[in-house]
Every structure is written in structure tokens, then in C-alpha cells.
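Chemist: Next input, structure requested:
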Amino acid sequence: MEFSSLKLTPGVVVIALFGCLLDAQAPDAKVTEPETFTFRTDTRLVDLHATVVDKEGHLVLGLPQSAFTIYENGVKQEIKMFRREDVPVSLGLIIDNSASMHDKRAKVASAALALVSASNPEDEVFIMNFNEETSLEADYTNDINRLEEALKTINSNGGTAMRDALRMGIEHLKHGGKKEKKIVLVVTDGEDNASVETLGHLIQATQQNGVIIYAIGLLSDNEPREAEHAKRALDALTLATGGQVWYPNDLAEVDDIARQVAHEIRHQYILGYTSSNQALDGSFRRIRVAVKAAGDPIVRTRSGYYASTER
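Modeler: I've put the predicted structure just below:
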């Protein structure tokens, strides 16, 4: 898929509710033979990528299937798939290229390369820049030299249309991503002031496509109101999809954050269940995953999905 510039206008915004049900994968580098239980059926499997962390935020690895319980709308579900392994992903790096990012782009590019270097070598990665428009700078590749060249494309100007860019990224993952697990990392420094896409529609589309969103918010204390609006949006997107957001105090932190994102992506659990409610009525099904383990660890996964006939 080749395109150089994409822009959303009110007449072309289409919100698709995709019945594709999220998958979640998880590697545990210390497990040489991942515990795997796969259930095959004609009914649809709801796939979840789950990150488990302790109270300090450190990954909790090596848990057995018996430690997990899944609830849909409060009803316990039978786990029919469980995996712990490092699987390749389709990854979109979506980077703010608005005027305010000009002095930060070199460090952000370095962090993006750090993430790719620490990722599964079989990952496929694309890069999008955005200001008021979204441009695809590098299509799916695992060639780090090609990605490095694309990250040098800096033309920082204009406003910030982050939601439109994320929607474009989700569409590109849906139509072009070859890996089952799909990830977006968005890096931005301010409030969205130019998007057509709404936050609610974006969250809905993201959940239906099984995309996990990670974010780095380089927010400024000089504009507290705008920073708070941006924070609310990034918090909502990452919470709904099972990702995570960071707000570094210093630009020098972004390299370490990028490596942390790569480490987390490679150490997630994959859970699957067939809903006990098979009605495809378009309703939202809220998901909760509980873990019984020492220290009462915390689980992050997508908050739910829409029971749609579309995939």
C-alpha cells in the first residue's frame, strides 16, 4: 500500500465497527517451551493480550493458565486458549510532526530506533508523521536502515491532528498488517487541535481491530490546560486498549521508555475465550481479567469489544 499523504475531511470519515476480536500475546524469555492450549471451533474466539505487572510496575512472568480468570459483563468465561511466547507484531510508529515538535524530533527518532532494535526481529514496522495531515514515511519493513532514513523526514509545522493520524494507522494495520498482534506507539507533545475523528469513535474502532496503543506524551507545563486535555485523551486510549502511557519529565528519558515498550510487547500473555453470550447484537461487552498470584499483580488488557457480525 503506497501513499504519501493522507488527510481526513468531514466527508470521508468512516467509523467501522470491526468484529475482529483482539488477540494478546505474551512472551516469557525464560520459558523454553511455552505453555500452550489452543481450542478450535466454528464459533468466534475473543483474543486478549494481557500484561501483568506488580505494584512497582515490573512484569510478572511465568504464570500458568490457572492463575487467570476472564469475566465478560461480570460473567465468568472458560479460557480456551493460553500462550506465553514472543510473537512478531505489526507495529505502527505514529509521530507528531507539528511545529512545536521541531526541537524534539531528533531525540524521538533515536527512541523509535531503540524500540525497533529491542523488538522481535520478525516484526513489521511502518512510520507515519502527522501535523494537520498524516503522511506514510515508511511502509511495513524490518529494515532498520530504511526506518532510520524515514525518521529523518522532519518538516515540523502546523497543528496537531493526532486522532486522525491514529485512525489512519489503525486502518493501515487492519488492511496491511500481516501479523496477528497489532501495536501502535504514538508520540505527541500537545493537545489535538485539528482532527475530524472523535475520541469515542477512535476508541471504538481501536478496540474492534484489536490494536494496543502505547503513548509517550511530551507535554509542556507552560500550557497546563492544553496538556491536561492531551493527557485525558492519551489516558483514555491506552486504558481502553490495554497499553500504557508515559509522561517523561525529561526528553532524555524517551530512549529508555521505548525499550520498555519493546520489552513489554514481547512479554505478554495471550488468552482466548468463546463468549457465553453468542448474540451478535452490536452491544459492548466489558472484559475484566483477574490474576491470582503472589503480591496481587495488576492486569492490563483491552476493556471490551463490540459484539458485531462484522470481523
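Chemist: Report the residue spans of the protein with pLDDT below the cut-off.
Modeler: Within the chain, the stretches falling below the threshold (pLDDT under 70) are 1-43, 310-311.
Chemist: Let me know the secondary structure of the spatially most distant residue from the centre of it.
Modeler: Going by CA atoms, centre = their mean, the residue of the chain most distant from its centre is residue 222, 28.4 Å out. Here residue 222 is recorded as coil under DSSP: H, G, I helix; E, B strand; the rest coil.
Chemist: Report the secondary structure state of the nearest residue to residue 191 once chain neighbours are set aside.
Modeler: Leaving aside its chain neighbours, residue 191 sits nearest to residue 226 (4.1 Å; criterion: CB to CB, 6 or more residues apart in numbering). (C-beta placed from N, C-alpha, C; glycine too.) Per three-state DSSP, the secondary structure class of residue 226 is helix.
Chemist: Would you mind measuring from residue 226 to residue 123?
Modeler: 33 Å (CB to CB, to the nearest Å).
Chemist: who has more neighbours, the two?
Modeler: residue 123 (22 against 17; other CB atoms under 10 Å).
Chemist: can you pull the contacts of that one?
Modeler: Neighbour list for residue 123: 88, 89, 90, 91, 116, 142, 179 [criterion: CB atoms under 8 Å, 6 or more residues apart in numbering].
Chemist: among those, which are in strands?
Modeler: Among the contacts of residue 123, the ones falling in strands (DSSP state E) are 89, 90, 91.
Chemist: Based on its surroundings, how many neighbours for the second one?
Modeler: Spelled out, that is residue 90. A total of 22 residues lie near residue 90 under the criterion other CB under 10 Å.
Chemist: Just list whatever residues bridge to it.
Modeler: residue 124, residue 182 (DSSP bridges).
Chemist: That one and residue 122, how far apart?
Modeler: In terms of CB to CB, residue 90 sits 11 Å off from residue 122.
Chemist: so where do the helices sit in the chain?
Modeler: 105-117, 144-151, 162-176, 199-208, 224-241, 254-265 (DSSP state H).
Chemist: Do I have it right that residue 220 meets residue 228?
Modeler: No. Using CB atoms under 8 Å, residue 220 is not in contact with residue 228; the gap is 11.3 Å.
Chemist: got a list of what the closest residue to residue 110 other than its chain neighbours touches?
Modeler: In this structure, residue 110 finds its nearest non-sequential neighbour in residue 255, 6.1 Å apart by CB to CB, 6+ apart. Neighbour list for residue 255: 107, 110, 111, 114 [criterion: CB under 8 Å, 6+ apart].
Chemist: Next one: residue 255 from residue 118, what distance?
Modeler: 10 Å.
Chemist: likewise residue 282?
Modeler: 39 Å.
Chemist: So for those two, which sits in the more crowded spot?
Modeler: Taking other CB under 10 Å, residue 282 and residue 118 do not tie; residue 118 has more neighbours (15 against 12).
Chemist: tell me the contacts of the more buried one?
Modeler: 258, 259, 262, 263.
Chemist: what number of residues lie near the second one?
Modeler: As a burial measure, the neighbour count of residue 259 was computed by other CB under 10 Å and equals 16.
Chemist: Spatially nearest residue to it, not counting backbone neighbours?
Modeler: Closest to residue 259 by CB to CB, 6+ apart is residue 118, at 4.8 Å.
Chemist: related to what we said a few turns ago, quick one: which of the contacts of residue 123 has the most company?
Modeler: Busiest of those [other CB under 10 Å] is residue 91, holding 29 neighbours.
Chemist: For it, list the residues it contacts.
Modeler: Listed by CB under 8 Å, 6+ apart, the contact set of residue 91 reads 119, 123, 124, 125, 126, 182, 183, 184, 185, 265.
Chemist: Out of these, which is nearest to residue 196?
Modeler: residue 184 (18.6 Å; CB to CB).
Chemist: From residue 172, how far out is the closest one?
Modeler: According to CB to CB, residue 184 and residue 172 sit 10 Å apart.
Chemist: what's the overlap in contacts for the two?
Modeler: residue 92.
Chemist: Neighbours of residue 49, how many?
Modeler: Residue 49: 28 neighbours (other CB under 10 Å).
Chemist: typed the wrong thing, it's residue 273
Modeler: For residue 273, using other CB under 10 Å, the count is 23.
Chemist: Bridging across strands, which residues link to it?
Modeler: Beta-bridge partners of residue 273, as defined by DSSP bridges: residue 46, residue 79.
Chemist: Contacts only, for it.
Modeler: 45, 46, 48, 70, 72, 77, 78, 79, 80, 81.
Chemist: Thought residue 216 was touching residue 230, still the case?
Modeler: No. Applying CB under 8 Å, one finds residue 230 not in contact with residue 216, separated by 11.5 Å.
Chemist: If we only consider the ones in strands among the contacts of residue 123, which is nearest to residue 309?
Modeler: residue 90 (24.5 Å).
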